[in-house]
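Participant: Sequence and predicted structure below; questions after.
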Amino acid sequence: MSKKVFVKTYGCQMNVYDSNRMVNTLKPHGYEVTDTADEADLVILNTCHIREKAAEKVYSEIGRLKQTKMDKAATGKDMYIAIAGCVAQAEGAEMMRRAPAVDMVLGPQTYHRLPEMLASAAMQRADGRTSSRVLDTEFPIDTKFDHLPEESDFESAAAFLTIQEGCDKFCAFCVVPYTRGAEYSRPVADIIAEAKRMAAGGVIEITLLGQNVNAYHGLLENGETAGLGFLIREVAKIEGISRIRYTTSHPRDMEEDLILAHRDVPECMPYLHLPVQSGSDNILAAMNRKHTRDEYFTMIDRLRAVKPDLALSSDFIVGFPGETDEDFEATLDLVRRVKYAQAYSFKYSARPGTPASTIEEQVPEDVKTERLYRLQALLNEHQQEFNEKTLGTEMDVLLEREGKLPGQLIGRSPYLQAVHVDLTKANNQLAADADKPYTHFMGSLVRVKIVEAGPNSLKGELVGVLRQQVGHGH
Ligand code: SAH
Ligand code: SF4
Ligand code: F3S
C-alpha cells in the first residue's frame, strides 16, 4: 500500500540534499512524495538552528501539524511527525518534552535509520503504547553516506552533492560544529560515482556541498588524500557535467590548487561564495575566524588574478558582541573594496552553547537593525551595479524551473544570477520554431541575451540552444 511523505526543508543546501536522500530512503518502503501535510502519512521537518528565528519557525510549524494530526486521528487516520536536521540535533530531548505531537527526532547523521525508526514507532503505536516515540541524535561510526540508497531521480538539471560534512572551525557565534559534528570528507570514488549517476540522470550542473567545503580532504583509492581542486578536476571529466559550483568555503582553506582550478577548469563556474562575516580585525579575532582583513584582501587579489571575471559573494554578521561603530565602518569599507556580486547579511543571534552567547557586551537590537539596514543598502547597490554590467551581453543560462508568467522559464547565469527567459511564440522565434511547449526547454543550457537588469534578477531573450535536455520537460 502506498504511503505519502511530506518533507519541509529549512536552512542550508545541505538540508536540501539530505531531504532528497531521506525521500529516497523511504521510496523502497512504499512512500511517495506529496506537497501537503494534509495528505501525508509522514511529515518530516528538516530543520535549521543557525539563528533564533530559524529555530522558532519549527515550533510554530509543529503547532500547526499537531492540529492536522488530531484532525486526522479523528477520522481514524494515522500521521507521524518526524523532526530532522539541526534543531533536532541541538535540542532533541527538549523537543520531545516541549512538543508531544512529535513522534520521531533524528539528527543529521542518522537518516539511514529512518525506515527502522518508522517501523519501531508504528509497532509501538499498534501495541497501544503511549510512549511510541523515537529519539536518535547519535553520531554513529558508520556514516549515513554508506547506507543511504543510491539516489534514483533528479528533479532538476542542477543538483546538489554533499562531499563534506561537519566543521572543526568553531567560530564563536556558530552552532554548526555542534549540530553537524566533526569535519568528515567522503571518499573521492564515492563522490565520483554519485556524480556519474547524476550525469546519467540528466544533471548538467553539480554544486559540491559542505559546511566547510574547501576543507575537503577525501581519501583516494591509494590511501592518500585529495583536496577540492583535485575533486573539481575529476568531476569536470565526467561526460555531461558542464557546470561545477561549490559552497560554502572558508577563506582560510582556499588552497593554491583550488584557486588554480578556477583558472584551468572551464566547467568551474566564475562565482565564489567566500564569507568574511566582518571587515574588522578585532571582530574577526573575537569571532575566531582565524584570518585578518588583509589576508582576506590578499586572497581576493589572488583569485581575481587568475580569474578576472570571478563574481564574489559573502555572508555578514552585524552586531556581533562588542562590535563598535568603528568595527562596523570597517565592514562597510571592506564591502566597498571587494564589491560583491551578491551577499547575505544577518543580525547576530545568540545561540545556546556557543562561546559568543556568553559575552556580556551584547549590541542593542536597534543598533543591529540600523547597521543591517546600512550594510544591505550598500550591498544592494553593488548587486544592482553588477547586474547592470551584464546588460546587452550574452550568457549561458541553465533553465531550471518555471517562472510565474506563462511561457517563462528561470535559470542561472554562470555568476549565479537568476535569469528569466520568455519563451512564448511572440517573443521568441527559436522557441516557436521548435513547435514544442516552452517547458520543452526545461533543463536545457541555452544562450541568452540580457535585456533587463533588476536588483535580484535579469531578463533575457533566447538566442541559441547549447544543450537540449531530454527527460526534464514534463
Ligand atoms: N560555514 C559557513 C557558514 C555556515 S552558516 C562559513 O564558515 O562561512 C551560514 C551563515 O549564517 C554564516 O556565514 C553566518 O553569516 C550566519 N550565521 C551563523 N551563525 C550565526 C549567528 N549566530 N547569528 C547570525 N548569523 C549567523
Ligand atoms: Fe560555522 Fe565557522 Fe564552521 Fe562556518 S566555519 S560552519 S561559520 S563554525
Ligand atoms: Fe542550518 Fe544546520 Fe545548515 S543549522 S544552516 S541547517 S548546517
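Facilitator: Alright, I've got the coordinates. Numbering: from 1, shown residues only. Ligands and ions are numbered 1, 2, ... in the order given.

Participant: Kindly list the longest strand within this protein.
Facilitator: strand 457-467 (DSSP state E).

Participant: and Ala99, what are its phi and psi?
Facilitator: Backbone geometry at Ala99, expressed as degrees, to the nearest 10, gives phi -130, psi 90.

Participant: So it sits against Arg64, correct?
Facilitator: No - between Ala99 and Arg64 there is no contact under CB atoms under 8 Å: 11.7 Å. Quick note: C-beta positions are derived from backbone N, CA and C, even for glycine.

Participant: Between the two, which has more neighbouring residues?
Facilitator: Ala99 (17 against 10; other CB atoms under 10 Å).

Participant: Kindly state the pLDDT recorded for that one?
Facilitator: Note for Ala99: predicted pLDDT of 89.

Participant: Provide the secondary structure category for the residue nearest to it when sequence neighbours are not counted.
Facilitator: For Ala99, ignoring the flanking residues on the chain, the nearest one in space by CB to CB, 6 or more residues apart in numbering is Ile62 at 4.8 Å. Put simply, Ile62 is helix when judged by DSSP: H, G, I helix; E, B strand; the rest coil.

Participant: Do I have it right that Ile62 meets Val105?
Facilitator: No - Ile62 is not in contact with Val105 according to CB under 8 Å; the separation is 11.0 Å.

Participant: Report the set of residues contacting both of the two.
Facilitator: Shared contacts of Ile62 and Val105, defined by CB atoms under 8 Å, 6 or more residues apart in numbering, comprise Ile83.

Participant: which intervals of the protein have sub-threshold pLDDT?
Facilitator: Applying pLDDT under 70 to the chain flags residues 1, 128-132, 141-142, 147-154, 425-436, 469-474.

Participant: where does it come near ligand 3, residue by residue?
Facilitator: Within the chain, the positions lying close to ligand 3 (CB under 6 Å from any ligand atom) are 11-12, 14-15, 48-50, 85-86, 175-176, 179-180, 211.

Participant: thought Pro321 was touching Ala356?
Facilitator: Yes - the pair Pro321 / Ala356 is scored as a contact, 5.6 Å apart, by CB under 8 Å.

Participant: Quick check: neighbours shared by those two?
Facilitator: Here Pro321 and Ala356 have Ala286, Tyr348 as joint contacts, going by CB under 8 Å, 6+ apart.

Participant: Checking Val446 next. Helix, strand or coil?
Facilitator: strand.

Participant: okay, now it: neighbour count?
Facilitator: Neighbour count for Val446, taken as other CB under 10 Å: 26.

Participant: So which residues on this protein come close to ligand 1?
Facilitator: 50-51, 173-174, 176, 211-212, 248, 250, 275, 277, 315, 317, 346, 348-349, 351.

Participant: May I have the strands that pair with the longest strand of the chain, each with its orientation?
Facilitator: Strand 457-467 pairs in its sheet with strand 418-422 (parallel), strand 445-453 (antiparallel), by DSSP bridges.

Participant: Between those strands, which one is closest to Gly411.
Facilitator: strand 418-422 (5.5 Å; CB to CB).

Participant: Just the C-alpha atoms of that closest one, please, in PDB.
Facilitator: Extracted C-alpha coordinates of strand 418-422, given in PDB (Å, rounded to 0.1, in the frame of the first residue of the first chain):
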ATOM      1  CA  ALA A 418      18.600  34.400 -11.700                       C
ATOM      2  CA  VAL A 419      17.600  34.900 -15.400                       C
ATOM      3  CA  HIS A 420      14.000  35.000 -16.500                       C
ATOM      4  CA  VAL A 421      13.600  33.900 -20.100                       C
ATOM      5  CA  ASP A 422      10.400  34.500 -22.000                       C
END
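
Participant: those strands in the stretch 51-200 of the chain, which residues are they?
Facilitator: 80-84, 104-106, 134-136, 158-162, 164-165, 184-185 (DSSP state E, counting those that start in this stretch).

Participant: Quick one: closest of these to Asp38.
Facilitator: Across those, closest to Asp38 is strand 80-84 (CB to CB), at 13.3 Å.

Participant: what's the angle between the longest helix anywhere in the chain and strand 418-422?
Facilitator: The longest helix of the chain (DSSP state H) is helix 365-389. Angle, helix 365-389 to strand 418-422, by axes from the mean of the first three to the mean of the last three CA atoms, to 10 degrees: 50 degrees.

Participant: which secondary structure elements does helix 365-389 contact?
Facilitator: When contacts are defined as 3 or more CB pairs under 8 Å, 6 or more residues apart in numbering; DSSP states H and E, helix 365-389 sits against strand 311-318, helix 325-338, strand 342-347, strand 445-453.

Participant: do that again at 6 Å, thanks
Facilitator: The helices and strands touching helix 365-389, judged by 3 or more CB pairs under 6 Å, 6 or more residues apart in numbering; DSSP states H and E, are strand 311-318, strand 342-347.

Participant: residue contacts, the residue nearest to Ile238 when sequence neighbours are not counted?
Facilitator: Of all residues not flanking Ile238 in the chain, Ala199 sits nearest, at 5.1 Å (CB to CB, 6+ apart). Counting by CB atoms under 6 Å, 6 or more residues apart in numbering, Ala199 makes contact with Ile238, Gly240, Ile241.

Participant: Between Ile62 and Val105, tell me which one has more neighbours.
Facilitator: Higher neighbour count among Ile62 and Val105: Val105, with 28 against 21, using other CB under 10 Å.

Participant: The closest residue to that one other than its chain neighbours and Cys167: what is the separation?
Facilitator: Leaving aside its sequence neighbours, Val105 sits nearest to Gly92 (CB to CB, 6+ apart; 4.3 Å). For Gly92, the distance to Cys167 equals 19 Å [CB to CB, to the nearest Å].

Participant: More neighbours: the two, which one.
Facilitator: Neighbour tally, Gly92 and Cys167, criterion other CB under 10 Å: the higher count belongs to Cys167, 24 against 18.

Participant: which residue packs closest to the closest residue to ligand 3 within the stretch 251-400 of the chain, ignoring adjacent ones?
Facilitator: Among the residues of the stretch 251-400 of the chain, Arg351 lies closest to ligand 3, at 9.0 Å counting by CB to the nearest ligand atom. Distances taken as CB to CB, 6+ apart put Val175 closest to Arg351, at 4.8 Å, once the chain neighbours are dropped.

Participant: all helices for the stretch 1-150 of the chain, in order.
Facilitator: Applying DSSP state H, counting those that start in this stretch to the stretch 1-150 of the chain gives helices spanning 13-26, 52-74, 85-98, 114-126, 144-147.

Participant: angle of the third one against helix 13-26?
Facilitator: Counting by the same axes, to 10 degrees, helix 85-98 points 70 degrees away from the direction of helix 13-26.

Participant: what about the closest residue to Asp257 other than its chain neighbours, how many neighbours?
Facilitator: Excluding the flanking residues, the one nearest Asp257 by CB to CB, 6+ apart is Gly229, at 3.4 Å. Close neighbours of Gly229, defined as other CB under 10 Å, add up to 22.
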